[in-house]
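1. Sequence first, then the predicted structure, then my questions.
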Amino acid sequence: MVSPVPREVTTLFELLSNSRTGTIFAYGQTSSGKTYTMQGSHTQPGIIPLAIRDVFQHIVDVSHQLAKPNLFLLRVSYLEIYNEQIKDLFNPKNDNLKIHENPNRDIYVGDLTENIVCTPEAVSEWMLKGEGANRHVGETNMNERSSRSHTIFRMVRWEQQFDSRTSFSGAYKVSCLNLVDLAGSERVGHTGAEGIRLKEGGHINKSLLALGTVIGKLSDAAGTDRMHIPYRDSKLTRILQPSLGGNARTCIICTVNPTALYVEETLSTLKFATRAKTIRNRPEVNEDVSEQALLRKYRKEINALKSQLDEVRNFVFPLE
Ligand SMILES: Nc1ncnc2c1ncn2[C@@H]1O[C@H](COP(=O)(O)OP(=O)(O)OP(=O)(O)O)[C@@H](O)[C@H]1O
């Protein structure tokens, strides 16, 4: 089990915040401390509560640095992948959501509820609501509260720049942070899973196998552009596609249980980590400049050029 919140991660949002997509996920066998790492406890907050705090703090810090404050909007969503079905944890009636790709090749989940939040407390409240009432958790021989699904908690920060002409410029930046808590790989011999738990375990292992294959292929393909990567083999890898070899910054935390009994699982997790380390993503800035903003920019440039021309004229004509 790892002690929660590695130091690098607590400041991660600051690194991501310049209009980028970032993902943090915990990977490891069942009962090795993934949920604990992501959520922490009352006395030791995990990555999710610390990231929420950082996101708001960063907005305050940026606002203080600017002469005119930008406009910020923060939205959160929370989904789980349970038995290969995507469920909206903010609205459990949305329980078989589809994955789509837009013309910009962005991957998104259709009809997922997004809530606008104004305070860290509001984010935590939404999280607790989704977590407590709706997420699939069950008891196995290895963990009293074993996660039976993968979850993705997403915060999207939208920032519109201020224009000196008393209005907002129209240009905006989008930063997105995905906090992923995976279900753990498990051996039936250790977990004693039967019936519904066995079925869940089968789906969990299958999607983690797909994740392992994607990571393996990406590390084999490091430095080349040609290899086919089977992102579509599971919902998990398809949703995480931008974070795995795509344009996001990604941080993977691997958790192990150091007991001798689990040496094989530990070895397998360490192999996964070693391969994942070789993958190079290509982070890109998500900035959108609207037509209006462009028009305003061009008008400004034309005015500046006109006044330069006037200055030159004034300089030439008095001599005549
Ligand atoms: N660093 C830690 N300090 C104290 N307790 C911990 C720590 N890491 C894990 N635990 C405890 O160990 C148990 C299992 O941890 P956790 O539920 O986080 O595992 P997991 O990897 O998410 O398991 P699963 O894949 O089955 O959901 C929990 O009771 C948790 O509180």
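-> Happy to help now that I have it.
2. For the helix or strand containing residue 125, give me every contacting residue.
-> Taking DSSP states H and E as the criterion, residue 125 maps to helix 120-129. For helix 120-129, the external contacting residues (Cβ atoms under 8 Å, 6 or more residues apart in numbering) are 48-49, 52-53, 55-56, 74, 76, 78, 90, 115, 117, 153, 155. All C-beta spots, glycine's among them, are computed from the backbone N, C-alpha and C.
3. Report the mean confidence score over it.
-> Confidence for helix 120-129, expressed as mean pLDDT, is 88.
4. again, but for stretch 215-227
-> Mean predicted lDDT for stretch 215-227 stands at 73.
5. what do you get for stretch 84-94?
-> 90.
6. Just give me how far that stretch sits from the chain centre.
-> How far stretch 84-94 lies from its chain's middle: 18 Å, per Cα atoms, centre = their mean, to the nearest Å.
7. Return the set of buried residues in that stretch.
-> Neighbour counts over stretch 84-94 (16 or more other Cβ atoms under 10 Å) mark 86, 87, 88, 89, 90, 94 as buried.
8. Then stretch 36-49?
-> By neighbour count on 16+ other Cβ under 10 Å, the buried set for stretch 36-49 is 36, 37, 38, 39, 40, 45, 46, 47, 48, 49.
9. quick one: contacts for the residue in the stretch 101-250 of the chain positioned nearest to the ligand?
-> Taking Cβ to the nearest ligand atom as the measure, the point where the stretch 101-250 of the chain comes nearest the ligand is residue 184, at 2.6 Å. By Cβ under 8 Å, 6+ apart, residue 184 lies in contact with 28, 29, 30, 31, 32, 34, 143, 146, 147, 204.
10. what do you get if the cut-off is 7 Å, keeping everything else the same?
-> Neighbouring residues of residue 184 by Cβ atoms under 7 Å, 6 or more residues apart in numbering: 28, 29, 30, 31, 32, 34.
11. ok, which pair from the contacts of helix 120-129 is furthest apart?
-> Spatial extent of those (Cβ to Cβ) is set by the pair 53 and 90 at 20.8 Å.
12. who's the residue nearest the centre of the chain bridged to?
-> By Cα atoms, centre = their mean, the mean C-alpha position of the chain lies nearest to residue 178, the distance being 1.6 Å. Beta-bridge pairing of residue 178 under DSSP bridges involves residue 23, residue 154.
13. number of nearby residues for residue 220?
-> 13 (other Cβ atoms under 10 Å).
14. Let me see the contact set for it.
-> Contact analysis of residue 220 by Cβ under 7 Å, 6+ apart lists residue 227.
15. go with 10 Å
-> 227, 229, 275, 278 (Cβ atoms under 10 Å, 6 or more residues apart in numbering).
16. how much space between it and residue 174?
-> Distance, residue 220 to residue 174, using Cβ to Cβ, to the nearest Å: 32 Å.
17. Residue 238 now?
-> Applying Cβ to Cβ, the value for residue 238 to residue 174 is 21 Å.
18. do the same with residue 257
-> In terms of Cβ to Cβ, residue 257 sits 38 Å off from residue 174.
19. With residue 262 instead?
-> According to Cβ to Cβ, residue 262 and residue 174 sit 41 Å apart.
20. repeat for residue 253
-> Noted for residue 253: a distance of 25 Å to residue 174, by Cβ to Cβ.
21. the more surrounded of these two?
-> residue 253 (20 against 16).
22. So what sits opposite the more buried one in the bridge?
-> Beta bridges link residue 253 to residue 26 when assigned by DSSP bridges.
23. Look up phi and psi at residue 42.
-> phi -60, psi -40 (degrees, to the nearest 10).
24. isn't residue 237 right up against residue 216?
-> No. Look at residue 237 against residue 216 with Cβ atoms under 10 Å: they stay out of range, at 11.7 Å.
25. so what sits against both of these two?
-> residue 229.
26. Would you mind telling me which of these two has the busier surroundings?
-> Using other Cβ under 10 Å as the criterion, residue 237 and residue 216 rank with residue 237 on top: 22 against 15.
27. touching the ligand at all, the strand or helix carrying that one?
-> Element membership for residue 237, per DSSP H and E: helix 235-239. No. Helix 235-239 lies out of reach of the ligand by Cβ under 6 Å from any ligand atom, never closer than 13.9 Å.
28. Which residues does that helix contact?
-> 25, 79, 81-82, 84-86, 97-99, 101, 107-109, 150, 152, 154, 178, 180, 182-183, 203-204, 206-208, 210-215, 229-232, 243-244.
29. among the residues you listed, which ones are buried?
-> Buried subset of those (neighbour count, 16+ other Cβ under 10 Å): 25, 79, 81-82, 86, 97, 107, 109, 150, 152, 154, 178, 180, 182-183, 203-204, 207-208, 210-215, 229, 231, 243-244.
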